[in-house]
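Chemist: Below are the sequence and a predicted model; questions follow.
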Amino acid sequence: MSNLTFSENVSQVAQRDILELQAKIGVFSAGEGTEEAFRKYRLARGVYGQRQPGVQMIRIKLPYGRITADQLVRIADCSDKYATGNLHATTRQDIQLHFVKLADSPQLWAELEDAGITLREACGNTVRNVTASFRAGVDPDEPFDVTPYAHSIFEYFLRNPICQEMGRKFKIAVSSSEKDTAFGFMHDVGLIPKWGQNASGETVRGFKVLIGGGLGAQPFLAQTAHEFLEQQQVIPFIEALIRVFDRYGERTRRHKARMKFLLNDLGLEGLLEKVEEERLALKNKEFNVETTAFDVEVPARESLSTEAIVALAQSTLSEAEVPAFTQWLTTNVFEQKQKGWYGVQLRVLLGDFHSSVARQLADLVRQYAADDLRVTVNQGYLLRFVKTEDLPALYLKLKELGLADPGFDSTADITTCPGTDTCNLAITSSYGITRVLEKMMQEEFPDTIYNNDIKIKISGCMNGCGQHSASNIGFHGSSIKNGKLVLPALQVLLGGGFTGDGAGQIGDKVIKIPAKRGPESIRLLLRDYEANAYEGEYFNQYYARQTKNYFYQLLKPLADLSALTDDDYRDWDHDELYKTEIGVGECAGVLIDLVGTTLIEAEEKLLLATENFQSGVWADAIYHAYNVFITSAKALLIGESINTNTQHGIVKDFDEHFGASFYPTGTEEQNGFRTLVFSINKNEPTEAFASQFIASAQDFLARVKTFRETQLADSGAPQLQELVHGQDS
């Protein structure tokens, strides 16, 4: 493996991350360690296994989708050097590179860090990318700019010990207004900005706080935890919530391990009670966000109507070009809250463009816009602070790049995940059906570029990376068995997204149809809506009025398998006969000494606790020490084949099975292991408590290792445990 090179711009903490990744890759490539342990490690560093063996998808973490022109060029350079030259924008405002060799990922990361970009915690059971409304800071509807709050949340939880190895991922979204354009209603935490009153009666900034939303096979709407929470309380609340999720969240049954299920089990009141119990132990009881660094002051400019801008453009554009410019101006451009300045939205098919396009786009940003692009939640891009007089020239340049198609975020602008092109879990081709639908919309429903009410979203499987459950019309990949043959299918969902009054809702599963009949389903739905909806009736209102059964009957003929053709047994973009083939998974059955490897993890956590204590970061040191207790106890429980679903359960089971041996009555820990471990949230995170807690954790780990050595001596050999395929260890 080649030596890594770092520029002076790469921080010491990032260098350590990257060197550790390279070392882990070396160990794994040498056949040492386990696939499961390595998988968990690399996912938290943005390295994700693809459907194709031997290559990786690299997910680049872009908080709230913000990126500069130079950073866009750096990503393009890395894609050319290490990937395929393609940049894929995601629904969570990341950019992904595909077909990267595992051995290349550390140097790729180092080159991104040189430009101020991280991979850390872009995947895995961590706090994922913090998303936000892409119009934040320029949104005419916003009470205040949420950008600094989203940025502070990202920074606060990056490398934070409370969220490095949770049972499952944790997603946070910050909307810019009550319209909830960041889709807070489907996130673990959703924040909506508001002005409210503090205890002194002063008008202050704050947020409506939603928790426990999520998509996937069992989508849940988020519940309201606080109608108004002052801004300085938001990060402490999220920290306490994550601590509760880390401790009580499911860890064995992956499909039940999201925050939404914990909320469902405990109830809102019960969950918030546990959140309150964590307050004493928090690093910060309040956290005031510094906003001045994000303040944007621009001179006021003349505000012009669409007609006036078109008239201005006529002196620059040819007569034949004016109608297309007018369409683009109407559908892709909006006046910012800064009067006389414009946001220009780029519609990007499949969220993909080539590195050569990225570099030319970066040049246009430098020439015509602020150095602050935003990746949008519908896989496009937003250019900000464009002058009125520059709109015609910018339009022509974007058209040359293929980035001036009208209809941004319209019915014709379909959101999709990569599907079977690269994803391990996908069942059908999302890209294929999306290309066909967008072409059909352009030819048969050209006016849909002006419709912003009906959103179409597609996922290759039920997991929902394309956010199909949160769209008016959604599809997710599936299959249908017909005799001995199997054909690709689409599950149709209707009524998701937003109600007519702006509230979020989850779509209903209506019917499953062969994938090749997807276009006809859209034809039926759009024509029916056009023919029968009331004047001004929003699609979801129409759906609610007609009811699910009406649409089931409407689409039922498409589910008829009596007249299948040979083509129905082939997926979009594929010539071969379809078969349900999920790619190589992220874990496989192996035989390992899970007890030994788990104790190694405990030793690593003790080292982190000691390092943080020496650096004076008491709260983080304490949490790492807490994980020493949990991981060490888990090791012995594994040795006895005792299932451990939650951290709270680990403590309870250890007390029951080993407590008397480790902490007999009469010792200083006579109240038991549980009391010792959970003293973490009964004390302020002081230096004195950190010192005591780490010492206790170190002593406990030593006792566990001695106990384990005695076990091995008695048995004469290491105890092997089978790691079941798909199980989280």
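Modeler: Ah, there it is. Numbering: from 1, shown residues only.
Chemist: Can you list the buried residues in stretch 374-393?
Modeler: Judged by neighbour count using 16 or more other C-beta atoms under 10 Å, the buried positions of stretch 374-393 are 374-386, 388, 390-392. In short, each C-beta sits where N, CA and C put it, glycine included.
Chemist: before we move on, what about stretch 510-519?
Modeler: Buried, per 16+ other C-beta under 10 Å, within stretch 510-519: V510, I511, K512, I513, P514, A515, K516, R517, G518, P519.
Chemist: In PDB, list the C-alpha atoms belonging to stretch 330-350.
Modeler: This file holds the C-alpha atoms of stretch 330-350, laid out as PDB (Å, rounded to 0.1, in the frame of the first residue of the first chain):
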ATOM      1  CA  THR A 330     -40.200  31.100 -14.600                       C
ATOM      2  CA  THR A 331     -39.400  27.600 -13.300                       C
ATOM      3  CA  ASN A 332     -35.700  27.600 -12.200                       C
ATOM      4  CA  VAL A 333     -35.100  31.200 -10.900                       C
ATOM      5  CA  PHE A 334     -36.400  33.000  -7.900                       C
ATOM      6  CA  GLU A 335     -35.800  36.300  -6.300                       C
ATOM      7  CA  GLN A 336     -34.000  35.900  -3.000                       C
ATOM      8  CA  LYS A 337     -35.000  37.700   0.300                       C
ATOM      9  CA  GLN A 338     -32.200  40.000  -0.700                       C
ATOM     10  CA  LYS A 339     -34.100  42.100  -3.200                       C
ATOM     11  CA  GLY A 340     -32.700  42.300  -6.700                       C
ATOM     12  CA  TRP A 341     -30.600  39.200  -6.200                       C
ATOM     13  CA  TYR A 342     -31.600  35.800  -7.700                       C
ATOM     14  CA  GLY A 343     -31.200  32.100  -6.900                       C
ATOM     15  CA  VAL A 344     -30.700  29.900  -9.900                       C
ATOM     16  CA  GLN A 345     -31.700  26.300  -9.500                       C
ATOM     17  CA  LEU A 346     -30.100  23.600 -11.700                       C
ATOM     18  CA  ARG A 347     -32.100  20.500 -12.700                       C
ATOM     19  CA  VAL A 348     -29.800  17.500 -13.000                       C
ATOM     20  CA  LEU A 349     -31.000  14.200 -14.500                       C
ATOM     21  CA  LEU A 350     -30.400  11.400 -12.000                       C
END
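Chemist: what is the mean pLDDT for that stretch?
Modeler: In this model, stretch 330-350 has a mean pLDDT of 97.
Chemist: And D501, what's its pLDDT?
Modeler: 70.
Chemist: Now, the buried residues of stretch 374-393 that are in helices?
Modeler: L391, P392 (DSSP state H).
Chemist: can you list the domain ranges for the chain.
Modeler: 12-113, 131-289, 306-400, 415-569, 590-723 (automatic domain parsing).
Chemist: Return the distance of the fourth one from the chain's centre.
Modeler: The offset between the C-alpha centroid of domain 415-569 and the centroid of the whole chain comes to 23 Å, using C-alpha atoms, centre = their mean, to the nearest Å.
Chemist: same deal with the second one?
Modeler: Using C-alpha atoms, centre = their mean, the mean C-alpha position of domain 131-289 is found 14 Å from that of the whole chain.
Chemist: quick check: mean pLDDT across it?
Modeler: Mean per-residue pLDDT for domain 131-289: 95.
Chemist: how long is it end to end?
Modeler: 17 Å (C-alpha to C-alpha, to the nearest Å).
Chemist: Same question for the third one.
Modeler: Using C-alpha to C-alpha, the end-to-end distance of domain 306-400 comes to 23 Å.
Chemist: Could you list the residues in contact with stretch 10-30?
Modeler: 1, 4, 6, 33, 35, 38, 41-42, 45, 47, 102-103, 105-106, 109-110, 113-114, 118, 120, 159 (C-beta atoms under 8 Å, 6 or more residues apart in numbering).
Chemist: Ok, stretch 517-524 next?
Modeler: Outside stretch 517-524, the residues touching it (C-beta under 8 Å, 6+ apart) are 433, 436-437, 440-441, 444, 456, 473, 475, 490, 492, 513, 554-555, 558, 568.
Chemist: Swap in 7 Å and give it another go.
Modeler: Outside stretch 517-524, the residues that touch it by C-beta atoms under 7 Å, 6 or more residues apart in numbering are I433, V436, L437, M440, F475, L490, V492, I513, L554, L555, L558.
Chemist: Taking those, tell me the two that lie furthest apart.
Modeler: Taking C-beta to C-beta, the two most distant members of the contacts of stretch 517-524 are V436 and L554; they sit 20.7 Å apart.
Chemist: Cross the buried residues of stretch 374-393 against strands and list the overlap.
Modeler: R374, V375, Y381, L382, L383, R384, F385, V386 (DSSP state E).
Chemist: could you dump the residues you listed to a markdown table with pLDDT and distance to R674?
Modeler: Below are these laid out as a markdown table (pLDDT from 0 to 100; distance: C-beta to C-beta, whole Å):
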| residue | pLDDT | distance to R674 |
| --- | --- | --- |
| R374 | 97 | 47 |
| V375 | 98 | 45 |
| Y381 | 98 | 51 |
| L382 | 98 | 51 |
| L383 | 98 | 56 |
| R384 | 98 | 53 |
| F385 | 97 | 56 |
| V386 | 97 | 60 |
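Chemist: which stretch among the domains of the chain comes nearest E297?
Modeler: Once these are compared by C-beta to C-beta, domain 306-400 is nearest, at 9.0 Å.
Chemist: Tell me the gap between the closest one and the middle of its chain.
Modeler: That offset, for domain 306-400, works out to 27 Å (C-alpha atoms, centre = their mean).
Chemist: Next: stretch 682-690.
Modeler: Averaged C-alpha coordinates place stretch 682-690 at 33 Å from its chain's average position (C-alpha atoms, centre = their mean).
Chemist: List the contacts of it.
Modeler: L280, A281, K283, F613, W618, A619, A621, I622.
Chemist: One more pass at 6 Å, please.
Modeler: Contact with stretch 682-690 is made by A281, K283, F613, W618, A619, A621, I622, as judged by C-beta atoms under 6 Å, 6 or more residues apart in numbering.
Chemist: any idea of the mean pLDDT in it?
Modeler: According to the model, stretch 682-690 has a mean pLDDT of 95.
Chemist: got the buried residues for that stretch?
Modeler: By 16+ other C-beta under 10 Å, the buried positions in stretch 682-690 come out as P685, F689, A690.
Chemist: now stretch 298-316
Modeler: L304, I309, V310, A313.
Chemist: What of stretch 5-25?
Modeler: F6, V10, A14, D17, I18, L21, Q22, K24, I25.
Chemist: Just give the number of residues close to Y431.
Modeler: Other residues lying near Y431 total 23 when counted by other C-beta atoms under 10 Å.
Chemist: what does the one helix or strand it maps to rub up against?
Modeler: In the assignment (DSSP states H and E), Y431 maps to helix 430-444. Helix 430-444 has contacts (C-beta under 6 Å, 6+ apart) with 350, 412, 414, 416-417, 419, 421, 448, 458, 460, 518-519, 572-573.
Chemist: Pick out the lowest-pLDDT one from those.
Modeler: Among these, D421 carries the weakest pLDDT, at 82.
Chemist: How many residues are close by it?
Modeler: 20.
Chemist: What of F678?
Modeler: 15.
Chemist: Let me see the confidence value for it.
Modeler: F678 is assigned 93 on the pLDDT scale.
Chemist: Next up, identify which helix or strand R243 is on.
Modeler: helix 231-248.
Chemist: Please name the nearest non-neighbouring residue to L599.
Modeler: A635 (4.9 Å; C-beta to C-beta, 6 or more residues apart in numbering).
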